[in-house]
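K.L.:
Could you look at this predicted model? Sequence included:
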Amino acid sequence: MYPSAPSAPHRDFISVTLSLGQSDDGSKTLRRRSCWRRWKQLSRLQRNVILFILAFLMLCGLLLYISVADPWKAPNDRAAGEQVPRPVNPPVLPAPQKADADPGHGPGLSPQKPPRHVRRGPPNLQIRAPSKHREDRSQDDTKQREEALATAHQDEVPQRTVVSWRGAVIEPEQGTQVPSRKADAPTRPSREAPSLQNQAASLNERQKAVIDAFRHAWAGYRKFAWGHDELKPVSRSFSEWFGLGLTLIDSLDTMWILGLKKEFGEARRWVSEKLQFQKDVDVNLFESTIRILGGLLSAYHLSGDALFLQKAEDFGNRLMPAFQTHSKIPYSDVNIGTGVAHPPWWTSDSTVAEVTSIQLEFRELSRLTGVKKFQEAVEEVTRRVHSLSGKKDGLVPMFINTHSGLFTHVGVFTLGARADSYYEYLLKQWIQGGRQDSRLLDDYLEAVEGIKRHLLRRSEPSKLAFVGELTHGRFSAKMDHLVCFLPGTLALGAHFGLPADHMELARALMDTCYQMNRQMETGLSPEIVHFNLYPQKDQKDVQVKPADRHNLLRPETVESLFYLYRFTGDRKYQDWGWEILQSFNTYTRVPSGGYSSISNVRDPHNPQLRDKMESFFLGETLKYLYLLFSDDLDLLSLDTYVFNTEAHPLPIWAPA
């Protein structure tokens, strides 16, 4: 008998053998293992470290995305509920009400809810509360962003001119080369509450005449050029410069001041629904700053409507590439759609007035938004110009090179085109900042002495004081109508305690500017005059060359009349302004709507309409006439507001 086979040994486990990377069919595969099982095998410390690293990497990625995002898209990308701050107590000007149910051909203003007050940045302007009858307003941000995406550009392509200086076409300088195209914390706002016109105060007949003139001009723009830059009243069409509704924006605060509720409401709706800055178009830094940025900021201050500040911040961001130069002197032109800035095609120079007459607007934009870059950029320009050589007793040359940062065409000095508002903004920056910056005051006082020493002369036979030009030591008795800003500026400085002889000079120059109008057959000043320096039989003081006989509806004379009347109370200045308004109505008013510049102020029978109404006629000329005729000397008090060079009032800051 065979012995029985031994029984299998007892095992209390199961052994499973896994081949490492070897499948049944002999092919190589990676061993698969549960990620979750791997994660659970880690210690709690290891898991926390990994989670922290992942969160840190995600945060870095988010910050990197934000830093490289298009900088000027920020204002349009706000959440629907976010609001830009508005003054706590907007000024008490007549508040615009809802447009009529049937606005005719123009858009109306829809009822709105009051916006939330969201405060950021420095304190807002402390001014009196508006009338309790003010219409509620809200900012439809969501609709704005949708339209911004849908509207990439307007129907009309802007027409490019050679170069324009506040409406005057100027030929390029010869001999220049074609260029290569490759803030302290904002100051506290004023504590003073401005005394503004009582809504119940009745208008006098002259103010009513200004309102009639504005309505006539606006009717032509509304009918033939709505939403475009400028009206061509004779041909009943329009012209484009930037394609941004220039006349409409320039006129916003004028309509508010004149109490034109319906017109303001229609214009406000266009700004809300149609004004878009994402356009492939070059704009002139100076002109667009004083007209568009200044107009939006002023409309915001007077109305308290946050829509205008939102638009202003968007536009200000789009202008900033102009300052990206090695010299910190900005280029004259910038494309607000692409962000590419460049000098004019014929030169690498900017005019001195262009780069030194943008400070009021950018400084105020910084104060309102709390974004320092606007103020820092323009004040760096002021510092550099302050320290440059090439001046003559405070007088500056007309041009400055954006590459080198130095004056060019040294030895040519004028207070006319290309240099005028440099002197104006020295004083007005000092006033805007609460009269704290002695550097600005010193430069202004030195310049006034330079004017008296080198440019001031008297004509024959009437001994009219005038300001001429100096070219390499040779005096020219040529004076632009633009120089008629100077009497008002001198009077403004004297009002704030500067030497009394400034007011004496202001009065004398005001008489001259009036005579530049009075001695013309139409009663309107030509663009440029030459004064007679030597006694001659039957010779008048003022002489005009054929090429200089045009009148562009400019504001400078009535601007200075406004200042002189405010500070002296002499009603002759009102009478002189009334004469000028009547001359505008007689020789420039177009029956179908609008006013036109004219080619010949010496021919009352055929003044030759030029078929163009500049935006500054509504933004400046009519505004200053209305203020000049006002019986309320505290309407837009000059102790509370400072006017930019396009007549847009901005608040004076209180001393820090």
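P.N.:
Alright, I've got the coordinates.

K.L.:
Every contact and neighbour count from this point should use C-alpha atoms.
P.N.:
Will do.

K.L.:
Tell me, how many residues neighbour L625?
P.N.:
L625 sits with 25 neighbouring residues when counted by other Cα atoms under 10 Å.

K.L.:
Now do whichever strand or helix holds it, average pLDDT.
P.N.:
In this structure, L625 sits in helix 622-629 according to DSSP states H and E. For helix 622-629, mean pLDDT is 98.

K.L.:
Stretch 350-359 too?
P.N.:
Mean predicted confidence for stretch 350-359 is 97.

K.L.:
give me the number of residues near N551?
P.N.:
Residues near N551, counting by other Cα under 10 Å: 23.

K.L.:
Hmm, I typed the wrong one, I wanted S350.
P.N.:
24.

K.L.:
dump the residue contacts of it.
P.N.:
Each residue near S350 by Cα atoms under 8 Å, 6 or more residues apart in numbering is listed here: P330, Y331, S332, P343, F399, I400, N401, T402.

K.L.:
Highest neighbour count among these?
P.N.:
P330 (33 neighbours).

K.L.:
Tell me who's in contact with the nearest residue to that one once chain neighbours are set aside.
P.N.:
The shortest distance from P330 to any non-neighbouring residue, by Cα to Cα, 6 or more residues apart in numbering, is to F323 (4.3 Å). By Cα under 8 Å, 6+ apart, the contact set of F323 is I329, P330, Y331, A377.

K.L.:
Please convert the residues you listed to CSV, extending it with distance to L490 and secondary structure.
P.N.:
CSV is the format used below for the contacts of F323 (distance: Cα to Cα, whole Å; DSSP: H, G, I helix; E, B strand; the rest coil):
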residue, distance to L490, secondary structure
I329, 27, coil
P330, 28, coil
Y331, 30, coil
A377, 28, helix
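
K.L.:
Which pair of those residues spans the longest distance?
P.N.:
Using Cα to Cα, the contacts of F323 span at most 12.4 Å, a distance reached by Y331 and A377.

K.L.:
measure A654 to Q436 for me?
P.N.:
10 Å (Cα to Cα, to the nearest Å).

K.L.:
What segments of the stretch 451-600 of the chain are helices?
P.N.:
Using DSSP state H, counting those that start in this stretch, the helices of the stretch 451-600 of the chain run over residues 486-495, 500-518, 556-568, 572-587.

K.L.:
same question, the stretch 201-350 of the chain
P.N.:
Using DSSP H, counting those that start in this stretch, the helices assigned to the stretch 201-350 of the chain run over residues 205-224, 246-258, 261-273, 285-288, 294-303, 306-319.

K.L.:
For Q608, which of those is the nearest?
P.N.:
Among the helices of the stretch 201-350 of the chain, the nearest to Q608 by Cα to Cα is helix 205-224 (18.4 Å).

K.L.:
ok, residues contacting the closest one?
P.N.:
Taking Cα under 8 Å, 6+ apart as the rule, helix 205-224 contacts 105-106, 230-231, 233, 236-238, 258, 578, 581, 585, 592-595, 618, 622, 625-626, 629-630.

K.L.:
What's the ChimeraX line that selects buried ones from those residues?
P.N.:
Command for ChimeraX that selects the buried part of the contacts of helix 205-224, burial taken from 16 or more other Cα atoms under 10 Å:
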select :230,231,233,236,237,238,258,578,581,592,593,594,595,618,622,625,626,629,630
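
K.L.:
how close does I431 get to L505?
P.N.:
From I431 to L505 the distance is 20 Å (Cα to Cα).

K.L.:
the more surrounded of the two?
P.N.:
The neighbour comparison of I431 against L505 (other Cα under 10 Å) goes to I431, with 26 against 19.

K.L.:
Now the more buried one: which helix or strand?
P.N.:
Counting by DSSP H and E, the element that carries I431 is helix 420-432.

K.L.:
correct me, but A312 touches A299?
P.N.:
No: between A312 and A299 there is no contact under Cα atoms under 8 Å: 10.1 Å.

K.L.:
Those two: who's more crowded?
P.N.:
Between A312 and A299, A299 has the larger neighbour count (other Cα under 10 Å), namely 30 against 26.

K.L.:
Who are the contact partners of the more buried one?
P.N.:
L252, D253, W256, D305, F308.

K.L.:
Phi, psi for the fourth one please.
P.N.:
In this case it means D305. phi -90, psi 120 (degrees, to the nearest 10).

K.L.:
Can you get me a residue count around it?
P.N.:
So D305, with other Cα under 10 Å, has 23 neighbours.

K.L.:
And the pLDDT for it?
P.N.:
The model's pLDDT for D305 equals 98.

K.L.:
Distance of it relative to H386?
P.N.:
Distance, D305 to H386, by Cα to Cα: 37 Å.

K.L.:
now the last one
P.N.:
In this structure, F308 and H386 are 33 Å apart, going by Cα to Cα.

K.L.:
same question, the second one
P.N.:
With distances defined as Cα to Cα, the gap from D253 to H386 amounts to 33 Å.

K.L.:
Farthest pair within the contacts of A299?
P.N.:
Pairwise distances across those peak at 13.4 Å for W256 and F308 (criterion: Cα to Cα).

K.L.:
The two: which is more packed in?
P.N.:
Shown here are W256 and F308; by other Cα under 10 Å, F308 has more neighbours (26 against 21).

K.L.:
residue contacts, that one?
P.N.:
Neighbouring residues of F308 by Cα under 8 Å, 6+ apart: L296, L297, A299, Y300.

K.L.:
Adding pLDDT, write the contacts of S350 out as CSV.
P.N.:
As requested, these are arranged in CSV below (pLDDT from 0 to 100):
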residue, pLDDT
P330, 98
Y331, 97
S332, 97
P343, 94
F399, 97
I400, 97
N401, 96
T402, 96
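
K.L.:
which residues are in contact with the helix or strand containing L59?
P.N.:
Take DSSP H and E as the rule and L59 turns out to sit in helix 44-68. Here helix 44-68 makes contact (Cα under 8 Å, 6+ apart) with W39.

K.L.:
ok now it, how far from the chain's centre?
P.N.:
Its chain's C-alpha centre and that of helix 44-68 lie 43 Å apart, by Cα atoms, centre = their mean, to the nearest Å.

K.L.:
can you give me the mean pLDDT across that helix?
P.N.:
pLDDT averaged over helix 44-68 gives 80.

K.L.:
now do the same end-to-end measure for stretch 349-363.
P.N.:
End-to-end distance of stretch 349-363: 24 Å, with Cα to Cα as the criterion.

K.L.:
what comes up buried for it?
P.N.:
Under the neighbour-count criterion of 16+ other Cα under 10 Å, stretch 349-363 has 349-363 buried.

K.L.:
With stretch 450-465 instead?
P.N.:
Counting neighbours by 16+ other Cα under 10 Å, one finds that the buried residues in stretch 450-465 are G450, I451, H454, L455, L456, R457, R458, S459, E460, P461, L464, A465.
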